[in-house]
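Student: structure for the following, please:
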Amino acid sequence: MFSRFETTVEQIKKDLPASSPPPEADLDKAGKKIAKSLPNGPDVAASPVPVRIVESNKGIPQLLQTVGSAVLSPLGTSALVLLLAIFMLLQREDLRGRIIRLIGQGRIRETTRAMDDAAHRVARYLAMQFLVNTGYGILVGIGLYFIGVPNAILWGAIAGVLRFIPYVGPWIGAAVPILLSFAISSSWLAPILTVSLFVVLELINSNALEPWLYGSSTGVSPIALIIAALFWTWLWGLVGLLLSTPLTVCLAVMGRHVPKLEFLSVLLSEDEALSPAQECYHRLLVPGAHQANDLAETYLETHSLTALYDNMLLPVVIATETDVQRGALEEKERSSVYESVIEMTEEFGGRPPTPSELEADKTIADKAQVLAPAPTCHVVCVPARAERDQIAGLMLVQLLRQQNFEAENLSAQLAGSEIVEAVARTDCDAICISVVPPSTLIHARYLTRKLREQLPHAKIVVGFWGATENIANAAHGLRESGADETVVSFAEAVVQLAKLSGTITDEMAEAPVPENEEARLQQLTALQVLDTPNEPFFDSMAARLARVFEVQIAFIAFIDGEREWFKSQIGLPEEIAATRSAPRALSICAHTVAINELLVVEDIARDKRFANNPLLKGRGLRFYAGMPLRINKFPIGSICLLDTKPRRFSEESRRLLHVMADEVTEELERRLPLVEKPAA
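Tutor: Model (predicted):
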């Protein structure tokens, strides 16, 4: 170090200009002073560091350990998974019972349904995967054979098997045939054809077959499958990659059936994350209402205008007011959303309806009733209190005008007395009071009483739009105030106003004869149930039907060629109960058999098929619900409910009636002789 410093100083002295006196003495003194101040150390230039290369004698064992670890680790994981799978299969019933007890306390039915759903989806996925991969391997083998690659059948089988490994398996299976095509060919033709074969097959499978088959079988979104594959591969390696899809399907099913795990269904399911109403509300909150218009346009391509109002725009209005009341939305934002909804209503409502929209708008949600054509009459829509009530009234007016009604909508700025005076001046046939939650029905009851006092002969319908709770109690209170009907959707409002404004004079409709009538009667005859004595099972089932659904009449009936025969009944009129039969031409159950699905008539007097049926009208029967009984898919009869009062039949009641019909069907199938099934 010191020698280098001295050399540098000497060089500086030489480089100084010759004209100036060289300050050698000063430089020497400075150099010596600096050298003394530096710590003593070895001279780098004079003392080279010795370097010795030592060869390790552990090279081969270390290499073997590294290679063995890389090979044995996945094999060990695979063996562990295989061992675990074997023991789980041997103890599957015990494990199933423990899982049901662990997470299904008080919810055994829901837990069982969730496990069955998961098993069904995984089995369907594996079946679809087997079909796709088998077809892939066959096509690869055929293609390689015609290209001229040796052992084409072997490479096709390997490609099909390796394709069970998601994402990387297909390319591993393609690598060897592609390299082999380069080795055997003296030109570029065989390699290009081989590469093209794998690329084309992979594109078809990945972009067409797999999304179509796997999406419908697993119920998991594609992006969720990719992320799940990365996660399970990171966690368990190759085994995790193989099991990623079944495991993800199980998680998605758990999220669908377990409320506390619903977030899994939201993240993994292929279902839309937002409902049409939520998506529309989200777009309306973003500057630029044209985004919501585009969404509504797309929705109208497959739905009616009534469905647009019921399922999209009305829920947007309800969500807006709910957010305002909890402080999540400012008044300015509410006004902007309302203005956009009004503009969309005026735009879409001003268009001429298509024939399919007109037909859809004449039916309520369950499409169980066939209605008379809507008459021309004058309807006034009255807002109960707020601007949102007026917006809902505007939507209803648009729908009524499409049905040839004369309709008008009053302003929410009017006071209660002013509304009554305005309605009285119109000389209307029907009045619809509009209430949008979260408003209460206090103002609606007040208006109903005042309007009933002023217009005793007018028909009054209260629209409690979008309500889902306490509907029966609300309807009861409104009827006491003077309302004729209470509805919760625009589709139902159009139907009820058409019914209230006209009297059905049509003759009763006979049920059509099913196309497979001969085969259906063969199944009924083979059952050997007609004209048999009462049996405890069927009698107890009829009693259960009457008790569970709280109806006056319940029965199990079979439809013969000319009659309706009652196997068991509760509450039928004495003359019918004595003969245990009724003419098929007058049977409402024959309609259930004809359509071969659930039939609900919430008010017989307002359904033109049955309003003038002497068997029903003469006994004051107003409600009917029937579920077909099927043997080998042929409807042979039905379980039926009748009551003297109109009533709503909820989705839960429909599901329960379906379950009880299945119980009767199982009992019938147990006693069914071995008969050759005819073609459906």
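Student: from the contact counts, what lies against the strand or helix carrying V461?
Tutor: If you go by DSSP states H and E, V461 is part of strand 459-464. Strand 459-464 is packed against strand 430-435, helix 442-454, helix 471-481, strand 485-487, helix 490-500, with contacts defined by 3 or more CB pairs under 8 Å, 6 or more residues apart in numbering; DSSP states H and E. Every C-beta, even on glycine, is put in place using the N, C-alpha and C of the backbone.
Student: and the gap between L599 and G626?
Tutor: 5 Å (CB to CB, to the nearest Å).
Student: overlap in contacts, those two.
Tutor: 588, 591-592 (CB atoms under 8 Å, 6 or more residues apart in numbering).
Student: residue boundaries of the strands in the stretch 451-600 of the chain?
Tutor: For the stretch 451-600 of the chain, the strands defined by DSSP state E, counting those that start in this stretch occupy 459-464, 485-487, 553-559, 563-570, 581-583, 599-601.
Student: all strands of the stretch 301-450 of the chain, in order?
Tutor: Going by DSSP E, counting those that start in this stretch, the stretch 301-450 of the chain shows strands at 378-383, 406-409, 430-435.
Student: want to throw those into CSV with mean neighbour count?
Tutor: Output for the strands of the stretch 301-450 of the chain, formatted as CSV (neighbours: other CB atoms under 10 Å):
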stretch, mean neighbour count
strand 378-383, 26
strand 406-409, 20
strand 430-435, 28
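Student: could I get those as TSV with distance to F490?
Tutor: Converted to TSV, those look like this (distance: least, CB to CB, whole Å):
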stretch	distance to F490
strand 378-383	11
strand 406-409	12
strand 430-435	10
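Student: sorry, back to before: put the buried members of the shared contacts of L599 and G626 into a ChimeraX selection.
Tutor: The buried residues among these can be selected in ChimeraX (16 or more other CB atoms under 10 Å) with this line:
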select :588,591,592
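Student: let me know the closest of the shared contacts of L599 and G626 to T66.
Tutor: T592 (73.6 Å; CB to CB).
Student: ok, the closest one touching L599?
Tutor: Yes. If you go by CB atoms under 8 Å, T592 and L599 touch, sitting 4.4 Å apart.
Student: find the residues that touch each one of these two.
Tutor: G626.
Student: how about E272, what does it touch?
Tutor: Counting by CB under 8 Å, 6+ apart, E272 has contacts E279.
Student: again, only this time at 10 Å
Tutor: With contact set as CB atoms under 10 Å, 6 or more residues apart in numbering, E272 has these partners: 278-279.
Student: wait, a helix at it?
Tutor: No. The assignment for E272 (DSSP: H, G, I helix; E, B strand; the rest coil) gives coil, which keeps it out of a helix.
Student: circling back to that earlier point, name the residue in L599 and G626 with the higher neighbour count.
Tutor: Between L599 and G626, counting by other CB atoms under 10 Å, G626 is the more crowded of the two (27 against 22).
Student: where does the more buried one land in three-state SS?
Tutor: strand.
Student: again, but for L642
Tutor: Classified using three-state DSSP, L642 is strand.
Student: tell me the bridge partners for it.
Tutor: Judged by DSSP bridges, the bridge partners of L642 are I553, Y624.
Student: just the pLDDT for it.
Tutor: On the pLDDT scale, L642 is placed at 93.
Student: quick one: which of the shared contacts of L599 and G626 is nearest Q522?
Tutor: Of the shared contacts of L599 and G626, the one sitting nearest to Q522 (CB to CB) turns out to be T592, at 19.6 Å.
Student: residues contacting that closest one?
Tutor: For T592, counting by CB under 10 Å, 6+ apart, the contacting residues are 511, 557, 559, 598-600, 624-629, 635, 637-640.
Student: can you check the pLDDT for it?
Tutor: 91.
Student: can you check Q369 too?
Tutor: At Q369, the pLDDT recorded in the model is 39.
Student: now swap in H457 and tell me
Tutor: 80.
Student: hang on, it packs against D427?
Tutor: No. In this structure, H457 is not within contact of D427 by CB atoms under 10 Å, at 11.0 Å.
Student: between these two, point out the one with more neighbours.
Tutor: D427 (10 against 6).
Student: got phi/psi on that one?
Tutor: With angles defined as degrees, to the nearest 10, D427 sits at phi 60, psi 50.
Student: scan the helices and strands of this structure for the one with the lowest mean pLDDT.
Tutor: The weakest-scoring helix or strand in the chain, judged by mean pLDDT, DSSP states H and E, is helix 355-361 (a mean of 48).
Student: one step back: distance to A546 for the strands of the stretch 451-600 of the chain - can I get that in a markdown table?
Tutor: What follows is the strands of the stretch 451-600 of the chain, written out as a markdown table (distance: least, CB to CB, whole Å):
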| stretch | distance to A546 |
| --- | --- |
| strand 459-464 | 30 |
| strand 485-487 | 26 |
| strand 553-559 | 4 |
| strand 563-570 | 4 |
| strand 581-583 | 18 |
| strand 599-601 | 17 |
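Student: ok, which of these comes nearest R256?
Tutor: strand 599-601 (27.2 Å).
Student: so in that sheet, which strands flank the closest one, and in what orientation?
Tutor: Assessed with DSSP bridges, strand 599-601 is paired to strand 623-631 (antiparallel).
Student: CA atoms only: put the partner strand into CSV for me.
Tutor: In CSV, the C-alpha atoms belonging to strand 623-631 read as follows (Å, rounded to 0.1, in the frame of the first residue of the first chain):
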residue,chain,number,x,y,z
PHE,A,623,-108.3,-22.7,-4.8
TYR,A,624,-106.6,-25.7,-6.4
ALA,A,625,-103.1,-27.1,-6.4
GLY,A,626,-102.2,-30.5,-7.9
MET,A,627,-99.0,-32.4,-8.4
PRO,A,628,-98.9,-35.3,-10.9
LEU,A,629,-98.1,-38.9,-9.9
ARG,A,630,-95.8,-40.5,-12.5
ILE,A,631,-95.1,-44.2,-13.1
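Student: now do the end-to-end distance for stretch 100-113.
Tutor: For stretch 100-113, the first-to-last residue distance is 10 Å (CA to CA, to the nearest Å).
Student: noted, bye for now.
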